[in-house]
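Participant: how would this look folded up:
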Amino acid sequence: MTAPVHPAGPGELADWDAHTVRPPGGHVLQSLAWATHRAATGQRAHFLVTADGGRVLVLERPWPLLPGGRGYVSRGPAPVVAPEAVAARLVAVTGWLGSHGFDVVVADPEIPAASSYVEAIRAAGFGPVEEIQAARHTMRLALGPGVDDAAAWSGVTRSTRQRVRQAETSVSVVHHDGRAAGDEPAAPAGLAAPSEPAETALDRFYDMLTETGERVGFTLASRASAVGWWVTAYRAGWLIYLEARVDDEPAGGLALYRHGGRLATFVSGDRTAVRRAHPGIMHLLRWRAIQLAIAEGCPEIDLGGVDVAGARGRPGPGDPTFGLYEHKRSFGAEWVELAGAHRRVLSPARHELGRVLSRGGRVLSRAAGALGGAR
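Facilitator: Got it, this is the predicted structure:
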C-alpha cells in the first residue's frame, strides 16, 4: 500500500521544479532554489510527495529550547491542479507533519478566494491568519492568444500612455534575465542589454527599495537576505530585473518572477528625486514588463498586490495604497481576491510556549545588536 505522503527520493527531487514552478499555477517559492536559500537562514526544507504525485515544499522553523516547531508551506501547495486537489494535498501533508512533531502548519497558495479550497481546508481545521508574504490579493492583466502590443496598449488609459511616451524620450530600460542564453525569446524593442553583472544591479536595487520604503512605509529584509535571494532566483532562471536609467544613472527598478507560465511583479521602486523630474519612470517599467510577457506568450501578467495593511482589502480613496491601485488599474489590470494565509494548530500548548520563546529570542537578539553597535 502506498503511503499518503513520503519524503521525495532522488528522482523526485531531480524534476521537482517541473511539478512546482513551471506548470500553470506554479510558484517560485515552492522551488529548489527557494529551499536552498531558506536553508542558509537556518530553516530546514522538507520535500514531500503526496499519493497523487503532488510535490509540496515545507519549511521548518524549530522552536528555541523546545522540540517541535512551525511548518510553512510557502505559497503552496502550488495550485497546479484543481482547488479541491490542492486542499487534499495540504490536508495530507499536514497529517504527515503532525506525525513528525510539528505543532503548527501555515499555508498560503495563490488560489482564488471563491473556490472549493477554502471550504475544504477550513473543514479540516485551518483558519485565516495574517499574511507572511507582502500581499494577500493581487492585480492581474489578462493577455493570452491574439493579444499583441497594440491590443494591450489599447487597454491602457490615456494619461498612462502619455506618461509612458514621455518617459521613453529620456529613460532607457536595461533587461537582466537569468535564463540561459538562447533559452529566452527575443526581448521586445525598448529593452537594452546589460553592461554589468546582474548581481551588481540587484545590490543597487536594494538601495532604491530602501528609499522607496521610507517614502511609502514598508520595510525590507536585510541586504544579505534580500539580495541573496534575488541572485539565487536570477541564477536559477526565475527572476527578471528591469532597471530604468536616466543619463546613464539608475532611476528605478522592477523585478519579476518567471513561474507558472506567467510573469509576476514582486517588488518595484524608484528614486524620489528622479521621480519628480521624470514621473513616468514606473509607468514605462510596467509597460516594458507587459511587453516582455507578451513576447514570452504568457496568458497573463501579475502586476502585484496593493493591499491595505491590516485590512487586506481593496484600497479606496484616502488609503495609502490607493494611488498604486489606480496606477495598476490604468494598464487594464483587475483586482483578484485570493484565499490568503491559513493556519492549523496541531499542539496548542507547545505552539503557544514556542511563540513566547521565539519572541523572547528576537528581543534578546535585537538588544545584543544594539549593545554591539554602541561602541
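
Participant: Tell me how this structure divides into domains.
Facilitator: Per the record, the chain has its domains at 5-133+339-373, 138-336, by automatic domain parsing.

Participant: could you dump those to a markdown table with mean pLDDT and mean neighbour count?
Facilitator: Glycine gets a C-beta too; all of them are placed from N, C-alpha and C. A markdown table is the format used below for the domains of the chain (pLDDT from 0 to 100; neighbours: other C-beta atoms under 10 Å):
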| stretch | mean pLDDT | mean neighbour count |
| --- | --- | --- |
| domain 5-133+339-373 | 90 | 18 |
| domain 138-336 | 92 | 18 |
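
Participant: Would you state the helices of the stretch 151-300 of the chain in chain order?
Facilitator: All helices of the stretch 151-300 of the chain, identified by DSSP state H, counting those that start in this stretch, fall at 158-168, 198-216, 223-235, 272-277, 281-295.

Participant: what is the orientation angle of the third one with helix 198-216?
Facilitator: The directions of helix 223-235 and helix 198-216 differ by 130 degrees, with axes from the mean of the first three to the mean of the last three C-alpha atoms, to 10 degrees as the criterion.

Participant: Quick one: list the elements packing against helix 223-235.
Facilitator: Helix 223-235 sits against helix 32-39, helix 198-216, strand 239-246, with contacts defined as 3 or more C-beta pairs under 8 Å, 6 or more residues apart in numbering; DSSP states H and E.

Participant: With respect to residue 305, which of the ones you listed lies nearest?
Facilitator: helix 198-216 (13.3 Å; C-beta to C-beta).

Participant: Restricting the selection to alpha carbons, write that closest one to PDB.
Facilitator: The C-alpha trace of helix 198-216 is given here as PDB (Å, rounded to 0.1, in the frame of the first residue of the first chain):
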ATOM      1  CA  ALA A 198      23.100  41.400 -12.600                       C
ATOM      2  CA  GLU A 199      24.500  40.900  -9.100                       C
ATOM      3  CA  THR A 200      25.800  44.500  -9.200                       C
ATOM      4  CA  ALA A 201      22.500  45.900 -10.400                       C
ATOM      5  CA  LEU A 202      20.400  43.900  -7.800                       C
ATOM      6  CA  ASP A 203      22.600  45.100  -5.000                       C
ATOM      7  CA  ARG A 204      22.000  48.700  -6.100                       C
ATOM      8  CA  PHE A 205      18.300  47.900  -6.400                       C
ATOM      9  CA  TYR A 206      18.200  47.200  -2.700                       C
ATOM     10  CA  ASP A 207      19.200  50.800  -2.000                       C
ATOM     11  CA  MET A 208      16.400  52.100  -4.300                       C
ATOM     12  CA  LEU A 209      13.900  50.000  -2.500                       C
ATOM     13  CA  THR A 210      15.100  51.200   0.900                       C
ATOM     14  CA  GLU A 211      14.500  54.700  -0.300                       C
ATOM     15  CA  THR A 212      11.000  53.800  -1.600                       C
ATOM     16  CA  GLY A 213      10.200  52.000   1.600                       C
ATOM     17  CA  GLU A 214      11.000  55.100   3.600                       C
ATOM     18  CA  ARG A 215       8.700  57.100   1.400                       C
ATOM     19  CA  VAL A 216       5.700  54.800   1.300                       C
END
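
Participant: Would you mind pulling up the elements that it packs against?
Facilitator: With contacts taken as 3+ C-beta pairs under 8 Å, 6+ apart, helix 198-216 sits against strand 171-177, helix 223-235, strand 239-246, strand 249-259, strand 262-270, helix 272-277.

Participant: is it possible to export the ones you listed to JSON lines including distance to residue 149?
Facilitator: Formatted as JSON lines, those follow (distance: least, C-beta to C-beta, whole Å):
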{"stretch": "strand 171-177", "distance to residue 149": "15"}
{"stretch": "helix 223-235", "distance to residue 149": "26"}
{"stretch": "strand 239-246", "distance to residue 149": "16"}
{"stretch": "strand 249-259", "distance to residue 149": "17"}
{"stretch": "strand 262-270", "distance to residue 149": "15"}
{"stretch": "helix 272-277", "distance to residue 149": "25"}
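
Participant: Nearest to residue 211 among these would be which one?
Facilitator: If you check each of those against residue 211 by C-beta to C-beta, helix 272-277 wins as the nearest, at 6.2 Å.

Participant: How about residues contacting the closest one?
Facilitator: 211-212, 215, 246, 249, 251-252, 281-282 (C-beta atoms under 8 Å, 6 or more residues apart in numbering).

Participant: Looking at the residues you listed, spot the one nearest residue 159.
Facilitator: The closest of these, once distances to residue 159 are taken by C-beta to C-beta, is residue 282, at 13.5 Å.

Participant: So that closest one is in contact with residue 271, correct?
Facilitator: No: using C-beta atoms under 8 Å, residue 282 is not in contact with residue 271, being 11.1 Å away.
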